[in-house]
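K.L.:
Kindly return the folded structure for what I paste below:
(chains A and B)
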Amino acid sequence: MNTRNIESANFKWSSAITFTHNKESIEQLATGGQDDIADGWFIGYPVSVFFDYQKIGIWQTDEADQAAKYGEVPGEIKIKDQDGDGKITTSDRVVVGTAAPKWSGGFSNTFTYKGFDLNFYLFARVGQMINANYLRFKSGTTENQALHDYWTPENSTNAFPRPNAAGGVQYLSTLQYVSGSFLKLRNVTLGYTLPEALMSRFKMSSIRLYVSAVNPLTLSHTKDYDPERGGSENFPMTKSFLIGANIDL
Amino acid sequence: MKTSYPKKYIVGAFGVAVMALATVSCNKTLQEYNPGGLTAEAVYSTPEGFETLVNAAYSYQRWWYGKEEGYCLSEMGTDIWDAGQAAPDPGLTDYKNLQGADSYVEGLWEHLYAAVNVCNYGIQHIDAAGMDADTKKIRNAELHFLRAFYYWHIVETWGAAPMPTEATDGIQTTATKTSVDDIYTQIFADLKAAVVDLPSTTTDYGRATKPAAQAFLARMDITRGNYQDALDLANTVINDYNFKLVTNYADLWPMDKQDAAESNEVIYAVNYSTDLTLNDRQDDILFPDGHSRGGNNGHLDFLMKYDDLPGLQRSIEYGRPFVRFMPTKFLMNLYDLNNDSRFTGSFQTAWLCNNLASAPSGMGIGDTAVVVTNQVVSAGERAQKNYRIYDINDTYKSDGLVSDNLHFVQLSKFMDPTRSSVNEQVSARDVFVIRLPEMYLIAAEAELKLGNAQKAADYINVVRERAALPGKKAAMDIAASDVTIDFILDEYAREFAGEQMRWFLLKREGKLVSRVKADNPNAAVNIQSYHTLRPIPQSQLDAVTNPDDFKQNEGYQ
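P.N.:
Numbering: from 1, shown residues only, chains lettered A, B, ... in the order given. Prediction:
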């Protein structure tokens, strides 16, 4: 949808809006009424989902008794006992989220005021989950990793479990499922076209100076990571900044 | 100059061509050759093609032998090994939260069943391969040996498990478990068939032979309690062939003495090539489905962290220390150092200075830089030395818990100073799967179970006398009254530490849990009775459409 919001002699504002709503679900499988866990296909869910245990926090010091029932100790990952049978089994795995966004939308704007022109494009993708390799928690090794808010008796966080040099911390995969929703400034350009009166002096027909940036700003749930990358640590998104001039002779 | 033909000639020529094609197509069938479209049926229906199938059937052994995953499933989680600082899988080294998601368990499940499938396909289709009768008989026997070999790994690791004996055709969506007894029935049938048809020797080292099948069958018999059969087979392998014990135990391990060891004492080995590209390392073009490291990795996994210590730097001779596995305190105390050569024949305890830049003053190249010992070194002795000392109390606490998982007496059997560079991961060292001493220990165990303790002692003494330090043979001898199952298990540890059989050995004697609880305090806190079986990979359980019939092994999630 394109709009022309303001058109006066000196000031012009026009916009373009795009919106996509995503609705996707598996109705039937070759297996009949059964979910196909090995392929990750579940009836009533989108094609690409995350099927795993559901983390509901970290076992805290005052929950030691409760944790012990599940064979855990404070500082370890607390998993939701979906079927309430008093133990965590593979039947407690659920679809914790989907990689498909609920909706995405773009909002492009162009302003001109006298010699100035400004264009920016906002883009949002909302409702999808990512499996962020960046959040991988390697409890048992000396390999370096991202800074994590991990549990200690003094730091009763629900974010990451207590590191353990002996390794063997369970359910680490659950730490990586996070919201991949984001709103970002995809690109922005500010230009200034020099007054025509000056042109004859330079013997040129027009000069426009501009600064532009691609992907300069992202709002998301993942600090230091652009969720548009979809969870992978490969192929980083770039930010680029440009200063330039358009000169017509 | 441009040539132009009149149009009608072109049409005429085209017409003739069409007619010619039509004529030819009536008389001849089209010969299709599609080099990219080879099918299994086509390749394996020629003798040369079928040889590649047999080779492939062997190659799956490399996923287990000489690999970190294989060490984890065959040696770790026992009384003699602890997790080093960089232990890859606490589930297998310490039974810590071992579950069906374990990637090592999953990978070996997949490769063992892939191996079985290759064997099944070969056994089914060998008649169509056009081989001469003699070769066909031998290859058929090899495939039966290998199928039994793989099924033994499967049945001991997972217990009751699927047991296809025909190649998989199409997609299967259900799985059923065959009982342990029935899988062993199949193993015995395959091995007995193999024994009949295999040749006594092979010029193609690494292939199964008749004594290899008999030795493996002896291991099966002792495992299943067929003591007389085990004894007879062990004696056959000991007496009817040219195997003999290498004079010095330590000479089993140097790379340049490997051939001598293999022609004397080794009954069955998994071989790796000195042409590293022929091994199993993953390569996008040559070998896309290979192992990420490839070759023998034993030279990496058992080494301690020496290369940052004063006077030392990483070298080809001392190897690339992966610090995966370390001995338990129990193993360290198992050797009679005054009489038994196997401690120094199995472990490295001293490193000589190879780096002046980090050496303390007064230390020269070749001087002792680091000593790690299973003894106690007093403060007074330490004060007189300018080199770093780690004694048994530095490595272990008094109760056997590990206090330093970086510095320990390291297993040196698999080190490989012939590698081309310091960080080369691929070693061409062959893996000795069955050595002659195992036949003596199987015979000893059988005799003990049959009530002949003196004969048992006699067999054990052959192994112990070979291991004796010079002039100490008599001191190594044991008496009939010394022989117990526990003594035999200890003897296995001294003789075979690291040789990928410990877990199965303890399990077959019903000692896995009790020995881990007694002698491996790091794993003792986690081990449960159900740990005598490994979890079935969750990916396999998730892939079947009959999850109510095909269930996880007891105790696992």
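
K.L.:
OK, contacts around B:Tyr306?
P.N.:
B:Tyr306 makes contact with B:312, B:318, B:321, B:351, B:370, according to Cβ atoms under 8 Å, 6 or more residues apart in numbering or on different chains. All C-beta spots, glycine's among them, are computed from the backbone N, C-alpha and C.

K.L.:
cutoff 6 Å now
P.N.:
Taking Cβ atoms under 6 Å, 6 or more residues apart in numbering or on different chains, we find B:Tyr306 in contact with B:312, B:351.

K.L.:
neighbouring strands for the strand ranked longest in chain A, and are they parallel or not?
P.N.:
The single longest strand within chain A, with elements called by DSSP state E, is strand A:206-220. Sheet neighbours of strand A:206-220, with direction, are listed as strand A:182-193 (antiparallel), strand A:240-248 (antiparallel) (DSSP bridges).

K.L.:
Would you tell me which residues of chain A are close to chain B?
P.N.:
By the rule Cβ under 6 Å from any Cβ of the partner chain, the part of chain A lying against chain B is A:31, A:34, A:37-38, A:89-90, A:166-168, A:170.

K.L.:
Could I get those residues in a markdown table, plus columns for secondary structure, distance to B:Leu143 and pLDDT?
P.N.:
As requested, these are arranged in a markdown table below (DSSP: H, G, I helix; E, B strand; the rest coil; distance: Cβ to Cβ, whole Å; pLDDT from 0 to 100):
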| residue | secondary structure | distance to B:Leu143 | pLDDT |
| --- | --- | --- | --- |
| A:Thr31 | coil | 34 | 75 |
| A:Gln34 | coil | 36 | 83 |
| A:Ile37 | coil | 34 | 89 |
| A:Ala38 | coil | 29 | 87 |
| A:Thr89 | coil | 39 | 91 |
| A:Thr90 | helix | 36 | 90 |
| A:Ala166 | coil | 43 | 76 |
| A:Gly167 | coil | 39 | 78 |
| A:Gly168 | coil | 39 | 78 |
| A:Gln170 | coil | 40 | 88 |
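
K.L.:
and of the residues you listed, the nearest to A:Lys78?
P.N.:
For those, the closest approach to A:Lys78 (Cβ to Cβ) belongs to A:Gln170, at 10.9 Å.

K.L.:
And for A:Met1, the neighbour number?
P.N.:
With neighbours defined by other Cβ atoms under 10 Å in any protein chain shown, the count for A:Met1 comes to 7.

K.L.:
if I pick B:Ala234, what's in contact with it?
P.N.:
The contact partners of B:Ala234, taken as Cβ under 6 Å, 6+ apart, are B:218, B:439, B:442-443.

K.L.:
Out of the residues of chain A next to chain B, which end up buried?
P.N.:
The neighbour-count test (16 or more other Cβ atoms under 10 Å in any protein chain shown) applied to the residues of chain A next to chain B identifies A:37-38, A:90, A:166-168, A:170 as buried.

K.L.:
Report the closest residue of chain A relative to chain B.
P.N.:
Distances between chain A and chain B by Cβ to the nearest Cβ are smallest at A:Gly168, namely 3.1 Å.

K.L.:
and chain B, which of its residues are near chain A?
P.N.:
For chain B, the contact set with chain A under Cβ under 6 Å from any Cβ comprises B:90, B:96-97, B:542-543, B:545, B:557.

K.L.:
quick one: which of those is most hemmed in?
P.N.:
Across the residues of chain B next to chain A, neighbour numbers were computed from other Cβ under 10 Å; B:Pro90 holds the maximum, 25 neighbours.

K.L.:
how many other residues sit next to residue 161?
P.N.:
In the absence of a named chain, this looks at chain A. By the criterion of other Cβ under 10 Å, A:Pro161 has 27 neighbours.

K.L.:
wrong chain, I was asking about chain B
P.N.:
When neighbours are counted by other Cβ under 10 Å, B:Ala161 comes out with 24.

K.L.:
For it, list each beta-bridge partner.
P.N.:
With DSSP bridges applied, B:Ala161 shows beta-bridge pairing to B:Thr178.

K.L.:
May I ask you to confirm that it is in contact with B:Ile154?
P.N.:
Yes. With the criterion set as Cβ atoms under 6 Å, B:Ala161 and B:Ile154 qualify as a contacting pair; they are 5.4 Å apart.

K.L.:
Centroid-nearest residue for chain B?
P.N.:
When chain B is reduced to its mean C-alpha position, the nearest residue by Cα atoms, centre = their mean turns out to be B:Tyr65, at 2.2 Å.

K.L.:
So that residue versus chain A, what's the distance?
P.N.:
Counting by Cβ to the nearest Cβ, to the nearest Å, the separation of B:Tyr65 from chain A is 25 Å.

K.L.:
And the pLDDT for that residue?
P.N.:
In this prediction, B:Tyr65 carries a pLDDT score of 97.

K.L.:
can you tell me which residues contact it?
P.N.:
Contact criterion Cβ under 6 Å, 6+ apart gives B:270, B:431 as the residues in contact with B:Tyr65.

K.L.:
Could you point out the longest helix of chain B?
P.N.:
When chain B is scanned for its longest helix (criterion: DSSP state H), the result is helix B:133-158.

K.L.:
got the buried residues for that one?
P.N.:
B:136-158.

K.L.:
and if you look at stretch B:496-512?
P.N.:
Applying a neighbour-count criterion of 16+ other Cβ under 10 Å, one finds B:496-509, B:511-512 buried in stretch B:496-512.

K.L.:
swap in stretch B:390-401?
P.N.:
Taking 16+ other Cβ under 10 Å as the basis for neighbour counts, the residues of stretch B:390-401 that come out buried are B:390-392, B:395-396, B:400.

K.L.:
Over to stretch B:56-76?
P.N.:
Residues of stretch B:56-76 classed as buried: B:57-76 (neighbour count, 16+ other Cβ under 10 Å).

K.L.:
Now the spatially closest residue to B:Arg388 that is not a sequence neighbour: which helix or strand?
P.N.:
Counting by Cβ to Cβ, 6 or more residues apart in numbering or on different chains, B:Arg388 lies nearest to B:Val370, which is 4.7 Å off, once chain neighbours are set aside. B:Val370 is located in strand B:368-372, with elements delineated by DSSP states H and E.

K.L.:
Quick check: phi and psi on B:Pro417?
P.N.:
The main-chain torsion angles of B:Pro417 are listed as degrees, to the nearest 10 and equal phi -80, psi 10.

K.L.:
for the lowest-mean-pLDDT helix or strand in chain A, packing partners?
P.N.:
Using mean pLDDT, DSSP states H and E, helix A:196-202 stands out as the lowest-scoring helix or strand of chain A, at a mean of 81. With contacts defined as 3 or more Cβ pairs under 6 Å, 6 or more residues apart in numbering or on different chains; DSSP states H and E, there are no secondary structure elements packing on helix A:196-202.

K.L.:
Next, count neighbours for the closest residue in space to A:Leu217 that isn't next to it in sequence.
P.N.:
Counting by Cβ to Cβ, 6+ apart, A:Leu185 is the residue found nearest to A:Leu217 once chain neighbours are left out, at 4.2 Å. Other residues within reach of A:Leu185 by the criterion other Cβ under 10 Å amount to 16.

K.L.:
Helix, strand, or coil at A:Asp117?
P.N.:
When the structure is split into helix, strand and coil by DSSP: H, G, I helix; E, B strand; the rest coil, A:Asp117 lands in strand.

K.L.:
who does it bridge with?
P.N.:
The bridge-partner assignment for A:Asp117, based on DSSP bridges, gives A:Thr112, A:Gly191.

K.L.:
That one is in contact with A:Tyr192, isn't it?
P.N.:
No. A:Asp117 is beyond contact range of A:Tyr192, at 7.7 Å (criterion: Cβ under 6 Å).

K.L.:
Count residues in the vicinity of the closest residue to chain A within the stretch 151-300 of chain B, would you?
P.N.:
Nearest to chain A in the stretch 151-300 of chain B, going by Cβ to the nearest Cβ, is B:Thr173, at a distance of 7.3 Å. B:Thr173 has 14 neighbouring residues, counting by other Cβ under 10 Å.

K.L.:
what sits against it?
P.N.:
Residues B:Thr545 are the ones in contact with B:Thr173 under the rule Cβ under 6 Å, 6+ apart.
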